[in-house]
Every structure is written in structure tokens, then in C-alpha cells.
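1. only the shape, not the letters, is given here:
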């Protein structure tokens with residue numbers, strides 16, 4: 001089981017690697033993690049240009065968030081070229097998103113190529129194919145795996161299903177379960193409807209309820225809503241502190257808080273929320 005995994009943030013924004021004019025907005029969007037993409041948002045003829053352009057995304061001494069890159073799949077020639085280019089970057093990403101992961105070897109290969117004295121980037125796996133779900137336990141055991149991200153669009157295309165929440169509920173639940181066993185965070189896919197904040201909020205609330213640590217987005221205007229949903233409210237924090245206090249007062253025995261029975265599972269969850277709140281405040 002992996003432990004002491006870095007959890008860089010609740011909101012992830014991804015921006016195309018060809019559009020340098022959008023880089024600053026992505027970095028300053030308020031997202032905790034900003035990822036430049038040289039995979040799906042870049043056409044094949046433009047891969048090399050994106051590979052070169054994207055280095056500028058990281059050329060800042062004090063960025064306001066964690067900066068990452070989504071490379072191409074390691075089963076493609078562009079993925080291999082990406083690794084070689086990343087190893088030569090002067091300004092390096094904090095985090096590498098590896099798409100189409102179906103084996104722990106994908107994570108191991110990225111680490112073997114990029115790890116160096118003073119540089120060990122966080123490596124995250126995009127889980128977006130039926131085969132990936134079939135091999136999740138093995139993928140989760142990769143020693144350098146920092147976390148997983150659900151790739152809803154590619155998964156739905158692979159199984160020829162819709163993108164609706166109920167349709168993809170099984171896949172999301174399976175990913176959350178595997179990530180929890182491995183003690184690593186899972187990030188939900190973006191909401192593809194750009195202009196309806198109600199749909200975005202509902203999707204974010206469902207993702208949080210299901211157990212996702214955070215959620216991705218593809219537009220800066222989505223950041224605030226996702227932040228609001230995933231940031232614990234004052235009431236949630238107060239309730240957690242009350243549960244912890246009741247647990248301590250009762251020596252860990254089953255008790256009641258605000259008319260509801262509370263025992264060990266509730267104590268553990270409340271302690272985790274209080275610990276995270278105190279750590280980030």
C-alpha cells in the first residue's frame with residue numbers, strides 16, 4: 001500500500017499546450033493544479049510544436065499552484081518523444097499526468113526516465129479504458145504513483161456508452177474503491193458542459209459524495225464552483241470537531257451527537273477532516 005502521498009489540490013484545470021496565450025490565465029485561475037496538455041487537445045501534426053511551446057508553462061520561479069503536464073501515451077511514438085523532451089526541459093513540471101495507463105510499467109517507465117538528483121515529479125495515472133479497470137490493483141501498486149484521474153470521455157468512447165452520471169457510476173465507484181485501498185487520491189473527470197453552472201455543481205457534489213478528492217475542469221470559470229463544493233463548509237468542520245470532542249470525551253465509545261448515533265467510522269472520518277482543515281488553515 002502506498003502511503004504519505006502528496007495531495008496537491010482539489011481543483012485541476014487543463015489547458016492546451018499550443019496556446020501559450022492561455023498559460024497565464026490557467027496558472028492564475030485559482031485551481032490548485034494547472035496542467036498543460038500535449039495529448040488530446042493537440043493534433044498529430046502539431047505535437048512537436050506543443051512539446052516545445054509547453055516548456056514556457058513552467059518557466060516561473062514562484063507559481064501560484066502546482067504545475068503539471070499531460071504527456072502522450074507511452075504506446076505511441078509521441079509519448080516516447082515527450083519523455084525525451086521532458087528530461088531535457090530546463091524548467092520542469094511538478095507533476096506528470098500519464099494517459100491511457102493500463103499497467104504499472106507505464107508509471108515505472110516515466111519515473112525511470114525523469115527521476116534525477118533533486119527532481120522526482122509527482123506521477124499521476126489517467127484511468128480511461130476497460131483494460132485499465134481490469135488491471136487497477138496492479139496499477140495502484142506502482143511505487144511512484146501519486147494519484148489517479150478518471151478519463152470519462154475516453155472510457156465512454158471505448159465501451160460505447162453515454163457520459164451521463166448514472167451510466168459511468170460503476171467506473172467511478174470502482175476507481176474510488178481501488179484508490180482508497182491504495183491510500184491515494186482520485187480526481188474526477190471534467191464536466192463537459194461549459195455553460196451550465198447548475199450541471200457543473202451537481203456533478204461536483206456527486207463526485208464529492210462518491211469519494212473523489214477533487215475534480216478537473218477545462219475552463220477557468222469552472223474553478224470557483226468546484227472549489228466551493230470541495231471546500232468543507234464551516235458547518236461541516238464544526239460538526240466534525242463536535243464528533244471528535246464527543247469521541248474523546250467518551251473514550252471512543254459509541255455516542256450521540258446532535259441526535260445521531262456516532263461510532264468508530266464516524267470518529268475516523270471526523271478526525272481526518274479536522275486534521276486536513278488544521279493542516280491547510
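-> Great, that's in hand. If you're wondering where the values come from, they're calculated on a predicted model, not measured in any experiment. Residues are numbered from 1 along each chain as shown.
2. quick check on residue 124: phi, psi?
-> Phi and psi for residue 124, reported as degrees, to the nearest 10, are phi -120, psi 140.
3. so what's the residue count around it?
-> Residue 124: 28 surrounding residues under other C-beta atoms under 10 Å. The C-beta positions use only the backbone N, C-alpha and C, and glycine is treated the same way.
4. right, and it touches residue 149 too?
-> Yes. Using C-beta atoms under 8 Å, residue 124 makes contact with residue 149 at a distance of 5.9 Å.
5. spatially nearest residue to residue 75 (excluding sequence neighbours)?
-> Distances taken as C-beta to C-beta, 6 or more residues apart in numbering place residue 100 nearest to residue 75, at 6.6 Å, with adjacent residues excluded.
6. now the one you found. Its backbone dihedrals?
-> Dihedral angles (degrees, to the nearest 10) for residue 100: phi 60, psi 30.
7. got the contact list for residue 127?
-> By C-beta atoms under 8 Å, 6 or more residues apart in numbering, the contact set of residue 127 is 101, 133, 136, 139, 148, 149, 150, 151, 155, 175.
8. 7 Å instead, please
-> 101, 133, 148, 149, 150, 151, 175 (C-beta atoms under 7 Å, 6 or more residues apart in numbering).
9. can you check residue 91 too?
-> Residue 91 neighbours (C-beta under 7 Å, 6+ apart): 55, 58, 59.
10. could you do residue 257 as well?
-> Residue 257 sits next to 242, 243, 246 when contact means C-beta under 7 Å, 6+ apart.
11. buried ones among the residues you listed?
-> Listed as buried from those are 243, 246; burial here means 16 or more other C-beta atoms under 10 Å.
12. among the contacts of residue 257, which lie within strands?
-> Secondary structure defined by DSSP state E assigns none of the contacts of residue 257 to strands.
13. next one: the lowest-mean-pLDDT helix or strand in the chain to chain centre, how far?
-> Every helix and strand of the chain was ranked by mean pLDDT, DSSP states H and E. The lowest is helix 264-280, at a mean of 73. Remark: helix 264-280 is offset 21 Å from the chain centroid, using C-alpha atoms, centre = their mean, to the nearest Å.
14. cheers, nothing more for now.
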